[in-house]
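**Q** Could you work out the structure for the sequence below:
(one chain, ligands or ions: 2)
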Amino acid sequence: MLAVQRLSHSFRNGAEATPVLHDLNFRVEQGEMVALLGSSGSGKSTLLNLMAGLMKPTQGHILIAGQAIEQMNENRLAEFRRSHIGFIFQSYELIPHLTVRENVELPLVFQSTGSRERKERALALLAQVGIGDKAELFPSQLSGGQQQRVSIARSLITKPAIVFADEPTGNLDTKTEKEIIDLLIDLNQNSGITFVIVTHEHEVACRTQRILHLRDGYLIEDSRQDGAAG
Ligand code: ADP
Ligand code: MG
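**A** Numbers count the residues shown, from 1 in each chain. Ligands and ions are numbered 1, 2, ... in the order given. Prediction:
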């Protein structure tokens, strides 16, 4: 599903290049739920943004469903991202003047799906993430946890091959955090969605099947755990 090969990245600042990721190699199989764990500044968001095609790496390859995304031109990549990649942000990134349902439908508008099908799929997903009764409200009328559920539904509407989440519970209290992780685990186990979830919290990472641990841009641990997701 995802292969990262000899991936390195540096940020340029004038003549200076600051290396942030160093020769990373790993694969994520279809249906896996992976936590990308590391302390602040270890390179988690940079790696996630590279894997989601939001930035181009300095070196190496990123293959999603067998296709090297770093080699695609801008138009091809934008199209590929819209149809194959889902993304969940810490700050939800919902559009305030659109209803919950319209927010969830939005990725399909760019794929010119008919309005009736859009509506049906959005309502079904909203029910699946537990807020079927909030469809016609606006984001500001929802709690943080509910807004993140909207963002999760939106990330799934195009039936992506893989979904990336950057600290999806970073703005939430502990109880709501647990509910959102429960939801992601349920979507992984019952709908087979492949997730890569960035977190700096060990307790969150321990609930996934597999932990990729980054420190100072190096992959220092890649461990599979039995009996996680409980
Ligand atoms: P994390 O998400 O693990 O906190 P980041 O990937 O955001 O880490 O950042 C990793 C390192 O890269 C940090 O030292 C950060 O300052 C640096 N960095 C991140 N984004 C940029 C950028 N756009 N330009 C320069 N340096 C950056
Ligand atoms: Mg980050």
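**Q** any idea where the helices of this protein begin and end?
**A** Using DSSP state H, the helices found in the chain span residues 44-51, 74-84, 100-109, 115-128, 144-156, 174-191, 202-205.
**Q** how far off helix 174-191 does the fourth one point, in degrees?
**A** What it means is helix 115-128. Using axes from the mean of the first three to the mean of the last three C-alpha atoms, to 10 degrees, the inter-axis angle of helix 115-128 relative to helix 174-191 is 120 degrees.
**Q** if we look at helix 115-128, which residues are touching it?
**A** 100-101, 104-105, 108-109, 113, 132, 134-135, 149-150, 153, 156-157, 187, 191 (C-beta atoms under 8 Å, 6 or more residues apart in numbering). (C-beta placed from N, C-alpha, C; glycine too.)
**Q** what about that helix, distance to the chain center?
**A** 20 Å (C-alpha atoms, centre = their mean, to the nearest Å).
**Q** Spatially central residue (nearest the centroid) of the chain, please.
**A** For the chain, residue 164 is the residue whose C-alpha lies nearest the centre (C-alpha atoms, centre = their mean; 1.6 Å).
**Q** Look at residue 206 and say how many residues are nearby.
**A** 15 (other C-beta atoms under 10 Å).
**Q** returning to that earlier point: out of the helices of the chain, nearest to ligand 1?
**A** Distance to ligand 1, taken as C-beta to the nearest ligand atom, is lowest for helix 44-51 among those, at 3.2 Å.
**Q** what residues does this protein put near ligand 1?
**A** 11, 18, 20, 38, 40-46 (C-beta under 6 Å from any ligand atom).
**Q** same thing but 5 Å
**A** 11, 20, 40-46 (C-beta under 5 Å from any ligand atom).
**Q** can you name the two of those that are farthest apart?
**A** Spanning the widest gap among the residues of the chain next to ligand 1 are 11 and 40, at 16.1 Å by C-beta to C-beta.
**Q** coming back round to it: which of the helices of the chain has the highest mean neighbour count?
**A** helix 144-156 (a mean of 23; mean count of other C-beta atoms under 10 Å).
**Q** Report the contact partners of the closest residue to residue 216 other than its chain neighbours.
**A** Sequence neighbours aside, residue 42 is the residue nearest to residue 216 in space, at 6.2 Å (criterion: C-beta to C-beta, 6 or more residues apart in numbering). Counting by C-beta under 8 Å, 6+ apart, residue 42 makes contact with 214-217.
**Q** now swap in residue 18 and tell me
**A** Contact analysis of residue 18 by C-beta under 8 Å, 6+ apart lists 10-11.
**Q** That one pairs with what?
**A** Beta-bridge pairing of residue 18 under DSSP bridges involves residue 11.
**Q** could I get the helices of the chain as TSV with mean pLDDT?
**A** TSV is the format used below for these (pLDDT from 0 to 100):
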stretch	mean pLDDT
helix 44-51	98
helix 74-84	94
helix 100-109	96
helix 115-128	97
helix 144-156	98
helix 174-191	96
helix 202-205	94
